[in-house]
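# mind folding the following:
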Amino acid sequence: MSERSVDVRTVLLRRGEIHSPADPFATAMVVEAGQVAWVGSEGAADAFADGVDEVVDLDGALVTPAFTDAHVHTTATGLALTGLDLSDAPSLEAALARVRDFAAARPDDRVLLGHGWDAARWPGGRPPTRAELDEATGGRPLYLSRIDVHSAVATTALLDLVPGDLGPVDGPLTADAHHAVRAAAFGAITPAQRTEAQRAALAHAASLGIGSVHECGGPRISSEDDFAGLLALAAEEPGPRVVGYWAEENADKARELGALGAAGDLFVDGSIGSHTACLHGPYADARHTGTAYLDAAAVAAHVIACTEAGLQAGFHAIGDAAVTAVVEGTRAAADKIGLARVRAARHRVEHAEMLTPETIAAFAELGLTASVQPAFDALWGGEDGMYAQRLGAERARTLNPFAALLRAGVPLAFGSDSPVTPLDPWGTVRAAAFHRTPGHRVSVRAAFTAHTRGGWRAVGRDDAGVLVPGAPADYAVWRTGELVVQAPDDRVARWSTDPRSGTPGLPDLTPGRDLPVCLRTVVGGRTVFVRPGE
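Purely as a prediction, here's the structure:
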C-alpha cells in the first residue's frame with residue numbers, strides 16, 4: 001500500500017446517512033487524524049460540534065466506505081481516457097473513421113494509441129487489416145488493443161519498431177507477438193506522457209468514489225519504470241491509494257519494486273475473447289483449446305517461493321484448464337510447505353471465470369482469494385453474448401459463479417480490469433447482483449462488501465473498508481435515491497425499507513435506475529475529490 005500523509009484535522013459529518021455496521025441508524029460521523037473516530041446519531045453529534053476543525057452538512061447524502069478496485073492497469077487506463085476509445089464503435093467502418101480523425105488530430109504523437117475494439121460485435125465480425133490501418137493513419141505507428149487487452153492490431157510502421165521476427169502478422173497479434181508490439185508502443189511514450197496518464201486515471205477513480213486501486217503491472221504489461229513511477233506518484237500526491245502487484249516469477253524483483261506480491265497478471269493463460277484462455281475442451285468456434293503459459297509445477301514453485309518470502313503469489317487464470325493448473329499447483333505447494341502457511345499468505349487468482357464445484361471447493365480449502373470482474377458478465381454474458389459464441393451456451397452459463405464462491409466461503413474482491421471494462425464501482429455491484437445467469441447472482445450487500453472490504457482483505461487488511469471507529473477514514477459521499485434494505489431471503493427480487501431490520505441501507509440498483517453520483521471522496525481523512533458545485 002502506498003504510504004501517504006493523512007489529514008490531522010478533526011471533521012464532523014452530520015445530517016446524512018452513514019453506512020456503518022457500528023450503528024445501522026447512524027446519521028453522523030467524526031473523523032480524526034485520518035481515522036474514523038465515532039459514528040452515531042444526529043442528536044449525539046452535538047457533543048462534538050465545538051471541538052472539531054470542520055463541520056460538513058451532508059444534507060441527506062449517503063456516506064459509504066470508499067470502493068477498492070482490485071484489478072487496474074493505471075497507465076493504460078489513463079491512456080485510454082486521453083487516447084482513442086473504440087469501445088462503442090458500431091462497425092469496422094466507424095472504427096477506421098475514428099482512427100483517421102484521431103491521427104489527424106494528433107500530428108505530434110510518436111505513436112498513436114487506441115483501445116476497445118471488439119469485432120465480435122461488428123457486422124461481419126472481422127477486425128481491421130494492417131493495410132486498412134496503414135491507410136487510415138497515413139503510415140504512422142499505431143497500436144490498437146482489443147477490448148480484453150489480450151490481442152491487438154498494429155500498423156506496419158509500429159511493427160518495424162519491434163526487434164526480431166514476429167512471424168505472421170496479418171491478423172490480430174496474440175501471445176508473445178502481442179507482448180513485443182505492446183512493449184514497443186508503450187516504449188515510445190515519454191515519461192511526462194506516462195505521468196499525465198497516471199494522474200488522469202487516479203483522478204477519474206477518485207471522482208467515482210474509489211479510494212484504493214490494486215495496480216497489476218509486470219514485464220509483459222508495462223515496465224519497471226512505469227510501476228515504480230506510479231507507486232511514487234501515489235505516495236507523493238493526494239489521490240486513491242495504490243497497492244502494487246508485479247507479475248513476474250521473481251519474488252526478489254517484486255520486493256525490490258515495492259510490490260505487495262509477485263502476482264496480478266502472471267499469466268497462466270489468456271482470454272476467452274481472443275481464444276487464448278486455456279480450456280479442457282475446444283472452443284465452440286475454433287478447433288483448439290487456447291494457450292497455456294504456466295503449468296501446475298511452475299505454479300507450485302512460485303507459490304512456495306512467495307510464501308517463503310512473505311509475499312503474495314497470484315495468477316491470471318480464466319479458462320477451466322488454467323484454473324485447474326493453479327489449484328493443482330497451489331495444492332502441491334501446500335503439501336510441501338504446509339496448508340496453514342499457504343492459507344495465511346492469502347494468494348490470489350485474477351478473473352477465475354471458468355470454475356467447477358471442485359475448483360471452487362479447492363479455492364476455499366487453499367485460502368485463495370478470487371479477484372473477479374462482474375462487468376465481464378454484463379458485457380459478454382447471456383445466451384447471445386461473446387461467451388456463448390466462444391464456448392457454447394451450456395459452458396457459458398457456468399461462468400463467473402459468484403454465488404457459489406460465496407457459499408463456499410471463498411473471499412471475493414471486485415475490480416474492473418480497467419481499461420478492459422471501465423472504472424464503474426456501482427455498475428460493478430449492479431452487475432453482480434443482476435448477473436445474466438440468475439443462479440450466480442449475489443445480494444447487493446454482498447457485492448458491495450466485495451468491492452469495499454473485500455479489496456482490503458485481499459491485501460491482508462481486515463480492519464479497513466468499513467466505517468467503524470479505528471478504521472482508515474476512506475469514504476465517499478453520494479447523492480442517491482431512496483435507500484433500501486435487501487430482504488435476506490430474496491437476493492434481488494424484493495426489497496425492504498423496514499428500519500427494524502437493523503441493517504444500514506444501500507441504493508436501489510435495479511437496472512434502469514440512476515446510479516449514485518459521487519459528491520466527495522476522502523482517503524486517509526484527506527479530500528481527494530469534490531464534485532464541482534458541491
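
# show me what the helix or strand where Val485 lies is packed against.
Assigned by DSSP states H and E, Val485 falls within strand 483-486. Other elements packing on strand 483-486 under the criterion 3 or more Cβ pairs under 8 Å, 6 or more residues apart in numbering; DSSP states H and E are strand 495-496, strand 506-507. Where C-beta positions appear, they are placed from N, C-alpha and C, glycine not excepted.

# and the next helix-or-strand element following the last one, what's its mean pLDDT?
Think strand 506-507. Next helix or strand after strand 506-507 toward the C-terminus (DSSP H and E): strand 517-523. Mean per-residue pLDDT for strand 517-523: 98.

# need the residues that contact strand 517-523.
Residues outside strand 517-523 that contact it (Cβ atoms under 8 Å, 6 or more residues apart in numbering) are 4, 31, 61, 66, 206-212, 238-241, 473-480, 527-531, 534.

# and if we set it to 6 Å?
206, 208-209, 211, 474-477, 479, 528-531, 534 (Cβ atoms under 6 Å, 6 or more residues apart in numbering).

# was I right about Leu509 contacting Arg430?
Yes: applying Cβ atoms under 6 Å, one finds Leu509 in contact with Arg430, separated by 4.3 Å.

# more neighbours: which of the two?
Taking other Cβ atoms under 10 Å, Leu509 and Arg430 do not tie; Leu509 has more neighbours (25 against 22).

# and Trp246, what are its phi and psi?
Torsion angles at Trp246 (phi, psi; degrees, to the nearest 10) stand at phi -110, psi 120.

# for it, what are its contacts?
Taking Cβ under 6 Å, 6+ apart, one finds Gly217, Gly218, Ala254, Leu257, Ala259, Ala262 in contact with Trp246.

# try it again at 8 Å.
So Trp246 contacts Gly217, Gly218, Phe227, Lys253, Ala254, Leu257, Ala259, Gly261, Ala262, Ala263, Gly264 (Cβ under 8 Å, 6+ apart).

# confidence score at the closest residue to the fourth one other than its chain neighbours?
Nearest residue to Lys253 in three dimensions, chain neighbours excluded: Trp246, at 6.6 Å (Cβ to Cβ, 6 or more residues apart in numbering). On pLDDT, Trp246 comes in at 98.

# mind listing the strands for the stretch 1-150 of the chain?
10-14, 17-18, 28-32, 35-40, 54-57, 62-65, 67-72, 84-85, 112-117, 142-146 (DSSP state E, counting those that start in this stretch).

# of all the ones you listed, which lies closest to Ala297?
Of all these, strand 67-72 sits nearest to Ala297, with 25.8 Å by Cβ to Cβ.

# next, the angle strand 517-523 makes with that closest one.
80 degrees (axes from the mean of the first three to the mean of the last three Cα atoms, to 10 degrees).

# can you dump the C-alpha atoms of stretch 107-122 in PDB for me?
The C-alpha trace of stretch 107-122 is given here as PDB (Å, rounded to 0.1, in the frame of the first residue of the first chain):
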ATOM      1  CA  PRO A 107       0.200  15.000 -35.500                       C
ATOM      2  CA  ASP A 108       2.900  15.200 -32.900                       C
ATOM      3  CA  ASP A 109       2.400  11.800 -31.200                       C
ATOM      4  CA  ARG A 110       5.300   9.400 -31.800                       C
ATOM      5  CA  VAL A 111       2.900   6.500 -31.600                       C
ATOM      6  CA  LEU A 112      -0.900   6.500 -31.800                       C
ATOM      7  CA  LEU A 113      -2.600   4.600 -29.100                       C
ATOM      8  CA  GLY A 114      -6.200   3.200 -29.000                       C
ATOM      9  CA  HIS A 115      -8.200   0.600 -27.200                       C
ATOM     10  CA  GLY A 116     -11.500  -1.100 -27.000                       C
ATOM     11  CA  TRP A 117     -12.400  -2.600 -30.500                       C
ATOM     12  CA  ASP A 118     -14.400  -5.800 -30.400                       C
ATOM     13  CA  ALA A 119     -15.000  -7.300 -33.900                       C
ATOM     14  CA  ALA A 120     -17.400  -9.800 -32.300                       C
ATOM     15  CA  ARG A 121     -19.900  -7.000 -32.000                       C
ATOM     16  CA  TRP A 122     -19.500  -5.600 -35.500                       C
END
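
# how far out from the middle of the chain is that stretch?
Computed by Cα atoms, centre = their mean, to the nearest Å, the chain-centroid distance of stretch 107-122 equals 21 Å.

# what of stretch 236-250?
With Cα atoms, centre = their mean, you get 13 Å for stretch 236-250.

# what pLDDT is listed against Gly114?
pLDDT, read off for Gly114, is 88.

# if it is in a bridge, with which residues?
Leu84, Leu144 (DSSP bridges).

# got the contact list for the closest residue to Pro65 other than its chain neighbours?
Nearest-residue entry for Pro65: Thr452, 4.4 Å, with adjacent residues in sequence omitted and distances by Cβ to Cβ, 6+ apart. When contacts are counted by Cβ under 8 Å, 6+ apart, Thr452 is found next to Thr64, Pro65, Ala66, Phe67, Thr68, Gly465, Val466.

# if we use 10 Å, what do you get?
With contacts defined as Cβ atoms under 10 Å, 6 or more residues apart in numbering, Thr452 is in contact with 19, 64-68, 209, 211-212, 413-414, 425, 429, 464-467, 474-476.

# so where is this protein shaky, pLDDT-wise?
When residues are selected by pLDDT under 70, those of the chain lie in 1-5, 168, 486-503.

# Pro191: how many residues sit nearby?
That count, for Pro191 with other Cβ under 10 Å as the rule, works out to 10.

# next one: Arg255
With other Cβ under 10 Å as criterion, Arg255 counts 17.

# secondary structure element for it, which one?
helix 251-256.

# pairing partners for Val153 in the sheet, please.
In this entry, Val153 is beta-bridged to Leu144, by DSSP bridges.

# that one and Glu482, how far apart?
47 Å (Cβ to Cβ, to the nearest Å).

# what does Gly454 give?
26 Å.

# one more: Trp456?
Counting by Cβ to Cβ, the gap from Trp456 to Glu482 is 28 Å.

# neighbour count winner among the two?
Trp456 (26 against 10).

# pop out the phi and psi values for that one.
phi -70, psi -40.

# so who does it touch?
1, 65, 68, 70, 211-212, 241, 243, 413, 462-466, 471-472, 474.

# PyMOL command for the buried members of the residues you listed?
This is the PyMOL syntax for the buried subset of the contacts of Trp456, where burial follows 16 or more other Cβ atoms under 10 Å:
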select buried, resi 1+65+68+70+211+212+241+243+413+464+465+466+471+472+474
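
# follow-up on the earlier one: out of the contacts of Trp246, which are buried?
Gly217, Gly218, Phe227, Ala254, Leu257, Ala259, Gly261, Ala262, Ala263, Gly264.

# the last one falls within a strand, correct?
This points to Gly264. No: secondary structure of Gly264 (DSSP: H, G, I helix; E, B strand; the rest coil): coil, not part of a strand.

# quick one: it from Gly319, how far?
18 Å.

# repeat that for the fifth one.
Taking Cβ to Cβ as the criterion, Leu257 is separated from Gly319 by 29 Å.

# what about the helices in the stretch 351-500 of the chain?
357-366, 374-380, 386-391, 393-396, 402-408, 425-433, 444-451, 453-458 (DSSP state H, counting those that start in this stretch).
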